[in-house]
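>>> I need the structure of the sequence given here:
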Amino acid sequence: MMLANLGGALRCAAAASASQQLPLVLTSALGLCGQRRASHAAATNTFIKEALNELDYPEKLQKLLLTPQREMSVELVMQMDNGEIEVFNAYRVQHNNSRGPYKGGLRYHPQVDIDDVRSLASLMTWKTAVMDIPFGGAKGGITVDPRKLSERELEKLTRKLVVAIKEIIGTYEDIPAPDMNTDAKVMAWFFDEYSKYKGFNPGVVTGKPVYLHGSLGREAATGRGTVFAIRELLKAMQLGKVQDQQYVIQGFGNVGAWAADILQEQGGKVVAVSDVSGAIHNDKGINIKALRQHIASGKALVEFKEATSFDKAEILNTPCDVLIPAAIGGVITEANAAKLQCKMVVEAANGPTTPDGDKILRDRGITVLPDIYTNGGGVTVSFFEWVQNLQNFKWEEEDVNRKLDRKMTDAFAAIWEIHKQKNIPLRTAAFVKALQRVTRAEVHRGFD
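Take a look at the predicted model:
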């Protein structure tokens, strides 16, 4: 552990050369284009402090739990395909490792900054704790628009990132994974570059291609976990089954598309979806498999002929039973929370609801299933992949999905129990459970 250095920040600058591109992922993952948001870290800490107040923790312990253990900033210098030199800022924040190695994704996005990454690293600490898997929390990212890079440039940039941060990551130290605009291909480059310096280490990243030490079921895991979460919430609230509901999904990247696909497979009706290109609606339900094929062919979501297009800014206000924000953070705010027309919000994205927006939803009686539980399926199957890498043995996909179902079910039961006992919102209950688990680990490991 690094408790002796808690609160310190490691600043590094690294010069190197690299560049790349990722085609559809950015367009798919962004549901609403972002203006510059308020501090993500401050929003996250607001929710955590609400749970800390429930637990009545002393100030010193609160500070320990909120402060990242390490922050690294690097500069990636690379020559582009056209010969020009560009500099890209990159970050890795390691928040807490009391329960196991740091764990968290890498995102490539023009709005990535240290505050964003710091908040997401904190969320990973609580997410792994809520899911009760033996990891801590970390996050990383590069401030870049991958749509403007060639694939060669994207690979080059990824390899430069590995060289810059290789001394603070490792199979038992810090294990990155895919996030916004990164995928199995990017993880394969990461694994390959790391192995050049540290030897064969497939467990250094998760989310790799199945044929390159990845796990079956990993690609769909976050979306599938979201559906399991919805099922458990509906059951607990006695609101019927998955197939009895209408769904609106903001963001049609990996998470949103898989959640929509699985919801439709189980009889649910997805009436509206959006991405950066726009939004589409069909009262009878959108044919999700046909839509995914349409997008995979290189066409824009709004060009899908079996639905009606409308202003993507209105996606969150579309009437439904279950609203699933599955794109970027900070989209449900004080400005629009009063306009939502849903019974529940299921947060498949990281940090989609601001504290002010959350308060309005509570006042309106709209149930919010928090991100640190809802999208925990991804990190759970990442853990399964990591275990398979350590075992050098691949599990069957049915085993992966069955174990994921059990983890999502057990985690929900723990949150719901606290929610009912303390009469607090599900978000606060989830943070309470996570804080209890992390605190227990910190205290039992000691502080010297």
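
>>> From Q243, how far off is the residue lying closest to Q245 once chain neighbours are set aside?
The shortest distance from Q245 to any non-neighbouring residue, by C-beta to C-beta, 6 or more residues apart in numbering, is to D321 (4.1 Å). Any C-beta I mention is one placed from the backbone N, CA and C, and that applies to glycine too. Here D321 is placed at a distance of 11 Å from Q243 (C-beta to C-beta, to the nearest Å).

>>> thinking again about what came up before, can you tell me how far the residue nearest to Q245 is from K312?
21 Å.

>>> quick one: the strands in this protein?
With DSSP state E, the ranges of strands along the chain come out as 70-79, 85-96, 102-109, 137-143, 174-178, 246-250, 269-275, 278-281, 308-310, 322-325, 344-346, 367-369.

>>> helices or strands up against the last one?
With contacts defined as 3 or more C-beta pairs under 8 Å, 6 or more residues apart in numbering; DSSP states H and E, the secondary structure elements packing on strand 367-369 are helix 221-237, strand 344-346, helix 355-364, helix 426-445.

>>> Need the ones you listed in TSV (columns: mean neighbour count).
Listed next are the helices and strands packed on strand 367-369 as TSV, based on neighbours: other C-beta atoms under 10 Å:
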stretch	mean neighbour count
helix 221-237	23
strand 344-346	24
helix 355-364	17
helix 426-445	20
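
>>> Let's have the ones you listed in TSV, adding mean pLDDT.
TSV is the format used below for the helices and strands packed on strand 367-369 (pLDDT from 0 to 100):
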stretch	mean pLDDT
helix 221-237	97
strand 344-346	97
helix 355-364	96
helix 426-445	95
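
>>> so which of the ones you listed comes closest to E303?
The closest of the helices and strands packed on strand 367-369 to E303 is helix 221-237. By C-beta to C-beta, the value is 22.9 Å.

>>> Tell me the helices and strands packed up against the closest one.
helix 254-265, strand 344-346, strand 367-369, helix 371-374, helix 376-391, helix 397-422.

>>> could I get those as CSV with distance to G446?
Converted to CSV, the helices and strands packed on helix 221-237 look like this (distance: least, C-beta to C-beta, whole Å):
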stretch, distance to G446
helix 254-265, 38
strand 344-346, 39
strand 367-369, 35
helix 371-374, 26
helix 376-391, 25
helix 397-422, 26
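
>>> between those, which one is nearest to I280?
Closest among the helices and strands packed on helix 221-237, once you apply C-beta to C-beta, is helix 254-265, at 11.6 Å.

>>> tell me which residues in that closest one are buried?
Across helix 254-265, burial judged by 16 or more other C-beta atoms under 10 Å covers 254-264.

>>> try stretch 398-417
400-401, 403-405, 407-408, 411-412, 414-416.

>>> cool, and stretch 74-93?
74, 76-78, 80, 86, 88-93.

>>> which two of those residues lie the greatest distance from each other?
Maximum pairwise distance among the buried residues of stretch 74-93 (C-beta to C-beta): 27.3 Å, between M80 and V93.

>>> Once you drop chain neighbours, what's closest to E50?
Once flanking residues are discounted, E50 sits nearest to T428: 5.3 Å by C-beta to C-beta, 6+ apart.

>>> okay but the one you found is in contact with T46, surely?
No - in this structure, T428 is not within contact of T46 by C-beta atoms under 8 Å, at 11.0 Å.

>>> For the stretch 301-448 of the chain, give me the ranges with low pLDDT.
Applying pLDDT under 70 to the stretch 301-448 of the chain picks out residues 448.

>>> For A42, see how far away C342 is.
26 Å.

>>> The two: which has the busier surroundings?
Each of C342 and A42 has its neighbours counted (other C-beta atoms under 10 Å); C342 has more, 22 against 12.

>>> Got the phi and psi for that one?
Note on C342: backbone dihedrals following degrees, to the nearest 10 are phi -140, psi 170.

>>> quick one: it from L426, how far?
To L426, C342 is 15 Å away according to C-beta to C-beta.

>>> Out of the strands of the chain, flag the one nearest P58.
strand 85-96 (17.7 Å).

>>> so what secondary structure elements neighbour the closest one?
Secondary-structure packing of strand 85-96 (3+ C-beta pairs under 8 Å, 6+ apart): strand 70-79, strand 102-109, helix 114-130, strand 137-143, helix 151-165.

>>> what angle do the last one and strand 174-178 make?
Looking back up the chat, that one is helix 151-165. For helix 151-165 against strand 174-178, the angle between stretch directions is 160 degrees (axes from the mean of the first three to the mean of the last three C-alpha atoms, to 10 degrees).

>>> just the first one next, same as before
Put simply, strand 70-79 runs at 50 degrees to strand 174-178, going by the same axes, to 10 degrees.

>>> I'd like to know which elements strand 70-79 is packed against.
By 3+ C-beta pairs under 8 Å, 6+ apart, strand 70-79 packs against strand 85-96, helix 114-130, helix 151-165.

>>> Pick the most buried one from the ones you listed.
By mean neighbour count, with neighbours taken as mean count of other C-beta atoms under 10 Å, helix 114-130 ranks first of those at a mean of 27.

>>> quick one: that helix to helix 426-445, angle?
Interaxial angle of helix 114-130 relative to helix 426-445 (the same axes, to 10 degrees): 80 degrees.

>>> okay, the angle between helix 114-130 and strand 102-109?
140 degrees.

>>> per-residue confidence averaged over helix 114-130?
Regarding helix 114-130, the rounded mean pLDDT is 93.

>>> swap in stretch 42-55?
Stretch 42-55 comes out at a mean pLDDT of 89.

>>> buried residues in that stretch?
Of all the residues in stretch 42-55, those buried under the rule 16+ other C-beta under 10 Å are 43-45, 47-48, 50-52, 54.

>>> Residues touching it, excluding its own?
Stretch 42-55 has contacts (C-beta atoms under 8 Å, 6 or more residues apart in numbering) with 62, 65-66, 119, 122-123, 126, 330, 351, 354-355, 358, 422, 424, 427-428, 431-432, 434-436, 439.

>>> roughly how far is that stretch from the heart of the chain?
Computed by C-alpha atoms, centre = their mean, to the nearest Å, the chain-centroid distance of stretch 42-55 equals 19 Å.

>>> ok, now stretch 410-425?
Distance, centroid of stretch 410-425 to centroid of chain: 22 Å (C-alpha atoms, centre = their mean).

>>> For the most centrally placed residue in the chain, give me its contacts.
Centroid-nearest residue in the chain: N350, 5.0 Å away (criterion: C-alpha atoms, centre = their mean). Residues counted as contacts of N350 (C-beta under 8 Å, 6+ apart) are 120, 123, 329, 371, 375.

>>> would CSV of these with distance to L106 be doable?
Converted to CSV, the contacts of N350 look like this (distance: C-beta to C-beta, whole Å):
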residue, distance to L106
L120, 11
L123, 15
G329, 16
D371, 18
N375, 16
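
>>> Identify, from those, the entry nearest to N392.
N375 (28.6 Å).

>>> What's the separation between the closest one and N254?
11 Å.
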